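> Predicted model, plus sequence, below.
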Amino acid sequence: MNKRGRERINCSVIRKKTPQVHHYLLRNQLWIHLKRPSSWETEVKINIGEESIQPDAMFYHKDTAVFVEVDVSQSMAVNQRKIEKYRRMQEISSEPFYLLFVTEMDSRKKRIEKLMSGSSGQVYTASEIK
């Protein structure tokens, strides 16, 4: 709401627009689809050996870490680099983990599944989790 609108309704809270609102909504929709895991945390930096990554979310399922990546507007090259980094981290780590991707389109789902081939994980589309 702009300044004039806030004055009209006597509101002092200023909310900034964010270009990532669709990203946040898709991530939250996945959280609901997964039955709201209580260990869910967003934007947590993970360090394994010399590698580090900041997944969009993470949670634990039966003592296994699950990392969540939301693909809304990033390039497929960025997704590929992330998947490669997760692979390197899995090679270093003695603890298994699972990788979940959520994307908007079936065509992107197929490409991400191909990139994740051989890795422990799953790819959802937005229509599958609604």
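Everything's here; your move. Residues are numbered from 1 along each chain as shown.

> Contacts for stretch 49-68 next, please.
23, 27, 30-31, 34, 37, 39-46, 69-70, 82, 85-86, 88-89, 92-93, 95-102 (CB atoms under 8 Å, 6 or more residues apart in numbering). Placement of C-beta: from N, CA and C, glycine included.

> Filter these down to the ones in strands?
Using DSSP state E, the subset of those located in strands is Glu41, Thr42, Ile46, Glu69, Val70, Phe97, Tyr98, Leu99, Leu100, Phe101, Val102.

> now Pro96: how far from Gln20?
Noted for Pro96: a distance of 30 Å to Gln20, by CB to CB, to the nearest Å.

> so what's Ile32 closest to, chain neighbours aside?
Among residues not flanking Ile32 along the chain, Ile129 sits closest, at 7.9 Å (CB to CB, 6 or more residues apart in numbering).

> Looking at the chain, which helix is longest?
The helix that spans the most residues within the chain, counting by DSSP state H, is helix 76-92.

> Which neighbouring elements make contact with that one?
Applying 3 or more CB pairs under 8 Å, 6 or more residues apart in numbering; DSSP states H and E, one finds that helix 76-92 makes contact with strand 46-48, strand 51-53, strand 64-71, strand 97-103, helix 106-115.

> hang on, the earlier thing: got the contact list for the residue nearest to Ile32?
Shown in contact with Ile129 (CB under 8 Å, 6+ apart): Gln29, Leu30, Ile32, His33, Val102.

> Ile92: neighbouring residues, count only.
Neighbour count of Ile92, defined by other CB atoms under 10 Å: 11.

> Is it in contact with Ile48, as I believe?
Yes: using CB atoms under 8 Å, Ile92 makes contact with Ile48 at a distance of 5.2 Å.

> Go through the helices and strands packed on helix 76-92 and name the closest to Gly121.
Counting by CB to CB, Gly121 lies closest to strand 97-103 out of those; the figure is 3.5 Å.

> so, if you compare the ones in strands among the contacts of stretch 49-68, which one comes nearest to Met1?
Among the ones in strands among the contacts of stretch 49-68, and counting by CB to CB, the member closest to Met1 is Thr42, at 25.3 Å.
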